[in-house]
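Asker: The amino acid sequence is not available; the structure is as follows:
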């Protein structure tokens, strides 16, 4: 999917609150229908509380190895799907004063990575 098409899709879904969208291809996943429409490619990030329940309105930043911020967004649902090139990135997620994240390694194949917020 080219970047223009991704931006149009995100705009149509109304899914992004704020973002640098160069690498974001989906943000949301609040309902089953929305999750079913999510692309299968990319790196799917899933945000959860302690008990495994989905959380929303997560502030997410992703930086590359040189510290350049590639993604800066608030995800309105529990899923954020990124189309990052293979490599290592630093991911930070924040919700209600709680933080999670760490090193995110992206390969050529689609993958799914879950992040849990302790204390939510």
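Answerer: Nice, thanks for sending it over. What you are looking at is a predicted structure, and each value in this text was computed from that prediction instead of being measured.
Asker: Quick check: which element contains residue 35?
Answerer: When elements are assigned from DSSP states H and E, residue 35 belongs to helix 32-36.
Asker: quick one: contacts for residue 59?
Answerer: Applying C-beta atoms under 8 Å, 6 or more residues apart in numbering, we find residue 59 in contact with 73, 74, 93, 94, 95. Every residue, glycine included, has its C-beta placed from N, CA and C.
Asker: could you pull out the helices for the protein?
Answerer: Applying DSSP state H to the chain gives helices spanning 3-13, 32-36.
Asker: of all those helices, which has the lowest average per-residue confidence?
Answerer: Ranked on mean pLDDT, the bottom entry among these is helix 3-13, at a mean of 40.
Asker: Now do the residue sitting nearest the centre point of the chain against residue 100, distance only.
Answerer: If you average the C-alpha coordinates of the chain and look for the closest C-alpha using C-alpha atoms, centre = their mean, you land on residue 80, 2.5 Å from that point. For residue 80, the distance to residue 100 (C-beta to C-beta, to the nearest Å) stands at 13 Å.
Asker: Kindly report the same for residue 94.
Answerer: Summarising the geometry, the distance separating residue 94 from residue 100, computed by C-beta to C-beta, is 8 Å.
Asker: Same drill for those two, tell me which one is more crowded.
Answerer: Each of residue 94 and residue 100 has its neighbours counted (other C-beta atoms under 10 Å); residue 100 has more, 18 against 15.
Asker: Thought residue 119 was touching that one, still the case?
Answerer: No - contact status for residue 100 versus residue 119: not in contact, 10.3 Å apart, counting by C-beta atoms under 8 Å.
Asker: so where's this structure shaky on pLDDT?
Answerer: Using pLDDT under 70 as the threshold, the predicted model of the chain has low-confidence ranges 1-21.
Asker: all strands in it, in order from the N-terminus.
Answerer: Ranges of strands within the chain are 24-28, 43-49, 58-63, 69-75, 79-82, 87-95, 98-106, 111-117, based on DSSP state E.
Asker: mind putting those strands in JSON lines, distance to residue 37 included?
Answerer: Listed next are those as JSON lines, based on distance: least, C-beta to C-beta, whole Å:
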{"stretch": "strand 24-28", "distance to residue 37": "8"}
{"stretch": "strand 43-49", "distance to residue 37": "13"}
{"stretch": "strand 58-63", "distance to residue 37": "20"}
{"stretch": "strand 69-75", "distance to residue 37": "16"}
{"stretch": "strand 79-82", "distance to residue 37": "11"}
{"stretch": "strand 87-95", "distance to residue 37": "23"}
{"stretch": "strand 98-106", "distance to residue 37": "23"}
{"stretch": "strand 111-117", "distance to residue 37": "16"}
